[in-house]
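Visitor: I'd like to go over a predicted model; first the sequence, then the structure.
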Amino acid sequence: MLGSDAATAAERPPHADPAPKTQSTATVIRAAVVGTIVEYYDFGIYGYMATMVATLFFVSENDTAALLGTFAAFAVAFFLRVPGGIVFGHIGDRYGRKTALSWTILLMVVATAAMGLMPTYATLGVWATVLLVLARCLQGFAAGGELGGANAFVSESAPARWRATQTSMVNSGTYLGSLMASLVALGITSTFSEEQILEWAWRIPFLLSVVIGVIGVWIRNHLEDTPQFEEMAENGETKKLPVVELLKTSGGSVVKIIMLGALIVGGYYVASVYAATYLQTEGGQTSSAAFLSTSLALVLGVITLPISGYMADKYGRKPVLFAGSLAAAVLGVPMFMLMAGGTLWQAVLGQSVLFICVSVVNGASFVVYVEMLKASVRYSGIALGNNVTNMCLGGTAPFIATWLIDVTGNSLAPAGYFVFTALLTLVAVFLIKETKGIELPTD
């Protein structure tokens, strides 16, 4: 063996570059997860603090109108996710996954910190509302390039037999971020009086984003890009306009991604961000009880995700996706009935079951996105498809759910929206091919 190594060394040109270092699985996953934690903490904390934000920035004689204004600003950010996804998808497919992911996390932290520092309506009037909406727009633009890129990054570094499992761990960052936001909101509402919160304590959750964001920026700056991208770049196979190439060659895959993501986007925001408000307005729960229920549901979601990924690696992507979306469609209305029942155990059970259904689908979906797209348009394709779904079904979910109750007078109306997203995903399951065990497509 020693002689063989010596011979190999002798054959190597004297100034040849050393063999590339391989990043550990833990390093890759940690770098991807930290960004999704920041993204979903920042998005989640705005939703969980919605009733307070409504009081501070959307002054109205009608509480429902103020809350609708708050959720409208929540939705606006999702419209910026599409152009953000196109821009960062271009950067990720043309110049590298690492470069794009470093910028997304930095911009997200800046936007959220700005929210925590800005004056309220009482100080600046309507301009405070304008500044809040602009900060939300910057959040949305940055978020557009985060989750899709993180999943592409991990999937391109994972072995085929563990690809779904490792990709599902990235998505655990989305739940961990929301869980952190829920726990922080719970801590704020439990520790401070309503007067203290409205006066100054509401700023704390937004400023905390800076801490985890700085850590995330440091971790990502020390990454190497994925082997598949580096090989593609070395061979000159990157595209000048990845999104144009994507629409020419993989438009059908983007449509399938949009449909397949309906439940994990629309259903997610109904079962987490909106549910925290629903439990207070329709379920008769205190804010602390609502945040406790949401936190428990998120914990179960974090546990479910890698289990779902493992099952997708073992039995296939389609069986897992089918089971999760079918369960969501069947259980949506009964679980909302429980959540409106008035007791804490009903709230926890109803919300947790909804969230587990979403998690089962989430754990197996992003790996399918990756496996449907070739390397040169993968970042752009996931970002575009996922962000269109977020724009249409995610950001609007709390607004539509609140509006449905207001229009129909039926407290169970949001359940119809949740079931609708589940049925869209269920239809998409029949349109995709099984991709378990395949090699990632190249050009």
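Guide: Sure, I can see it.
Visitor: number of nearby residues for residue 234?
Guide: Using other Cβ atoms under 10 Å, residue 234 has 9 other residues around it. Using the backbone N, CA and C atoms, a C-beta is placed for each residue, glycine as well.
Visitor: where exactly do the helices run in the stretch 1-150 of the chain?
Guide: Assigned by DSSP state H, counting those that start in this stretch, the helices in the stretch 1-150 of the chain fall at 2-11, 25-48, 50-57, 63-79, 81-94, 97-117, 121-124, 126-143, 147-157.
Visitor: Quick one: closest of those to residue 232.
Guide: helix 81-94 (9.0 Å; Cβ to Cβ).
Visitor: Of all the residues in the closest one, which ones are buried?
Guide: By 16 or more other Cβ atoms under 10 Å, the buried positions in helix 81-94 come out as 81-82, 84-94.
Visitor: Dump those to a markdown table, plus pLDDT and distance to residue 244.
Guide: As requested, those are exported to a markdown table (pLDDT from 0 to 100; distance: Cβ to Cβ, whole Å):
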| residue | pLDDT | distance to residue 244 |
| --- | --- | --- |
| 81 | 90 | 20 |
| 82 | 93 | 16 |
| 84 | 94 | 18 |
| 85 | 94 | 15 |
| 86 | 94 | 10 |
| 87 | 95 | 14 |
| 88 | 95 | 16 |
| 89 | 95 | 11 |
| 90 | 94 | 10 |
| 91 | 95 | 15 |
| 92 | 94 | 15 |
| 93 | 94 | 11 |
| 94 | 93 | 12 |
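Visitor: And those, which is closest to residue 248?
Guide: residue 93 (13.9 Å).
Visitor: Identify the residues contacting the closest residue in space to the closest one that isn't next to it in sequence.
Guide: Leaving out its chain neighbours, the residue that sits closest to residue 93 by Cβ to Cβ, 6 or more residues apart in numbering is residue 242, at 3.8 Å. By Cβ atoms under 8 Å, 6 or more residues apart in numbering, residue 242 lies in contact with 89-90, 93-94, 376-377, 379-380.
Visitor: Let me know the pLDDT of residue 242.
Guide: At residue 242, the pLDDT value in this model is 93.
Visitor: Quick check: it vs residue 367, distance?
Guide: Residue 242 sits 21 Å away from residue 367, going by Cβ to Cβ, to the nearest Å.
Visitor: tell me, what residue is most central in the chain?
Guide: Centroid check for the chain by Cα atoms, centre = their mean gives residue 174 as the closest residue, at 4.9 Å.
Visitor: That one is in contact with residue 147, isn't it?
Guide: Yes - Residue 174 sits in contact with residue 147 when judged by Cβ atoms under 8 Å, with a separation of 6.9 Å.
Visitor: tell me which element residue 434 is part of?
Guide: Taking DSSP states H and E as the definition, residue 434 sits outside all helices and strands.
Visitor: Make 24 the first number, not 1, from now on.
Guide: All right, first residue 24 from here; so that's residue 457.
Visitor: how many other residues sit next to it?
Guide: Neighbourhood size, residue 457 [other Cβ under 10 Å]: 12.
Visitor: Likewise for the one 3 residues further on?
Guide: When counting by other Cβ under 10 Å, one arrives at 11 neighbours for residue 460.
Visitor: give the contact list for it.
Guide: Counting by Cβ under 8 Å, 6+ apart, residue 460 touches 183-184.
Visitor: and it, which of the three is it?
Guide: Here residue 460 is coil, with the state taken from DSSP: H, G, I helix; E, B strand; the rest coil.
Visitor: Tell me how far it lies from residue 336.
Guide: Taking Cβ to Cβ, one finds residue 460 at 9 Å from residue 336.
Visitor: shared neighbours, these two?
Guide: residue 184.
Visitor: Just give the closest residue to residue 181, not the sequence neighbours.
Guide: Per Cβ to Cβ, 6+ apart, closest to residue 181 is residue 189, 4.2 Å.
Visitor: how much space between the one you found and residue 411?
Guide: Per Cβ to Cβ, residue 189 is found 25 Å from residue 411.
Visitor: and the buried residues of helix 104-117, which two are the farthest apart?
Guide: Greatest spatial distance among the buried residues of helix 104-117 (Cβ to Cβ): 104 and 117, at 19.6 Å.
Visitor: if we can go back for a sec, reformat the helices of the stretch 24-173 of the chain as a markdown table; add distance to residue 234.
Guide: Formatted as a markdown table, the helices of the stretch 24-173 of the chain follow (distance: least, Cβ to Cβ, whole Å):
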| stretch | distance to residue 234 |
| --- | --- |
| helix 25-34 | 47 |
| helix 48-71 | 10 |
| helix 73-80 | 21 |
| helix 86-102 | 22 |
| helix 104-117 | 23 |
| helix 120-140 | 9 |
| helix 144-147 | 26 |
| helix 149-166 | 17 |
| helix 170-180 | 20 |
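Visitor: For residue 228, which of those helices is the nearest?
Guide: Once those are compared by Cβ to Cβ, helix 48-71 is nearest, at 4.6 Å.
Visitor: Go through the closest one and flag the buried ones.
Guide: Of all the residues in helix 48-71, those buried under the rule 16+ other Cβ under 10 Å are 51-71.
Visitor: With stretch 128-146 instead?
Guide: 128-139, 141, 143-144.
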